[in-house]
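Q: Need coordinates for the following:
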Amino acid sequence: MLHSVFEGIILGITVSISVGPAMLALLQTSIKHGIKTGIFLALGIFTSDLIVVICAYFGASHIVTNQDTHLIFGIIGGSILIIFGLFQSLRRVKMSEQVEAIQEIKVKKPGVFPYYFKGFVLNIANPFLWAFWITSVIAISSSYAGNKLAVLLFFSGTLGTVFSIDILKCILANKIKVNTNPYIKIWINRIVGFIFILFGIFVIINVLWKIPNPMK
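A: Model prediction:
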């Protein structure tokens with residue numbers, strides 16, 4: 001079962017290095033308000049990810065445990081991950097874009113706790129988050145043929161890695177006052193997209209490999 005954790009860590013690394021609203025807010029918050037505040041924002045992001053994954057799993061578990069449907073949904077899920085990868089690779093980044101704190105939620109109260117809620121709402125309000133995690137849960141559950149322990153270990157590795165790297169981002173952003181260059185964002189998007197494509201291919205191959213042989 002350790003391979004499930006390892007595979008989850010790979011997905012977690014891929015998700016962590018993708019450039020999106022939550023990542024930009026995390027970097028800017030850490031730069032402007034310090035590491036502790038950034039970590040609370042990261043904790044809010046982690047909580048929203050966890051809730052969406054749990055909801056997606058219980059919503060999809062009755063589908064992927066069905067022997068007749070887990071193959072279909074595994075192929076569909078893997079294909080969508082490939083499409084996500086292509087979109088991420090081809091997505092354009094404006095040359096004038098700067099790393100700025102996202103202003104959807106204005107924090108008026110002092111302290112770090114409002115940033116937890118800011119991270120939570122900012123992340124969970126992103127429709128891409130829902131689409132990505134629901135697709136991933138269906139694809140991975142199908143890939144493991146509904147094995148609950150394997151799926152639990154996989155997403156424990158994924159979410160644990162995402163949260164750990166987010167904390168590392170807070171520390172590094174505050175220490176080196178990082179300012180993401182648009183050209184760097186473009187190459188990050190391409191690398192992330194390529195990994196998503198590979199992961200989608202892996203999911204499809206995995207579900208096809210587990211098709212029972214009628215000749216046996």
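Q: can you give me the helices in this structure?
A: 2-16, 21-33, 35-64, 70-90, 113-124, 127-143, 148-176, 182-209 (DSSP state H).
Q: Taking helix 21-33 as reference, get the angle to the last one.
A: What that stands for is helix 182-209. 140 degrees (axes from the mean of the first three to the mean of the last three Cα atoms, to 10 degrees).
Q: Same question for the longest one.
A: Angle between the axes of helix 35-64 and helix 21-33 is 160 degrees (criterion: the same axes, to 10 degrees).
Q: how close does the closest residue to residue 143 other than its chain neighbours sit to residue 146?
A: Among residues not flanking residue 143 along the chain, residue 206 sits closest, at 4.4 Å (Cβ to Cβ, 6 or more residues apart in numbering). Every residue, glycine included, has its C-beta placed from N, CA and C. Separation of residue 206 from residue 146 (Cβ to Cβ, to the nearest Å): 13 Å.
Q: Same question for residue 58.
A: Taken as Cβ to Cβ, the span from residue 58 to residue 146 is 13 Å.
Q: Comparing the two, which residue is more hemmed in?
A: residue 146 (19 against 10; other Cβ atoms under 10 Å).
Q: what does the model give the more buried one for pLDDT?
A: You'll see residue 146 listed with a pLDDT of 70.
Q: Next: residue 53.
A: On the pLDDT scale, residue 53 gets 92.
Q: which ones are touching it?
A: By Cβ atoms under 8 Å, 6 or more residues apart in numbering, the residues touching residue 53 are 133, 137, 155, 159.
Q: Relative to residue 40, which of the residues you listed is nearest.
A: residue 159 (17.1 Å; Cβ to Cβ).
Q: now the closest one: how far from residue 167?
A: If you go by Cβ to Cβ, the gap between residue 159 and residue 167 works out to 13 Å.
Q: next one: residue 121
A: Distance from residue 121 to residue 167, counting by Cβ to Cβ: 20 Å.
Q: cool, residue 13 as well?
A: In terms of Cβ to Cβ, residue 13 sits 14 Å off from residue 167.
Q: Repeat that for residue 118.
A: In terms of Cβ to Cβ, residue 118 sits 17 Å off from residue 167.
Q: returning to what we had before: more neighbours, residue 121 and residue 167?
A: residue 167 (18 against 14).
Q: what's near enough to touch the more buried one?
A: 39, 42.
Q: can you check residue 112 too?
A: Applying Cβ under 8 Å, 6+ apart, the residues contacting residue 112 are 33, 36, 37, 40.
Q: try it again with 7 Å
A: By Cβ atoms under 7 Å, 6 or more residues apart in numbering, the residues touching residue 112 are 36, 37, 40.
Q: So what does it have for phi and psi?
A: For residue 112, the backbone dihedrals (degrees, to the nearest 10) come out as phi -100, psi -20.
Q: For residue 7, see how far away it is.
A: Taking Cβ to Cβ, one finds residue 112 at 34 Å from residue 7.
Q: now swap in residue 44 and tell me
A: Relative to residue 7, and taking Cβ to Cβ, residue 44 is found at 26 Å.
Q: Please work out how many residues are found near residue 90.
A: 10.
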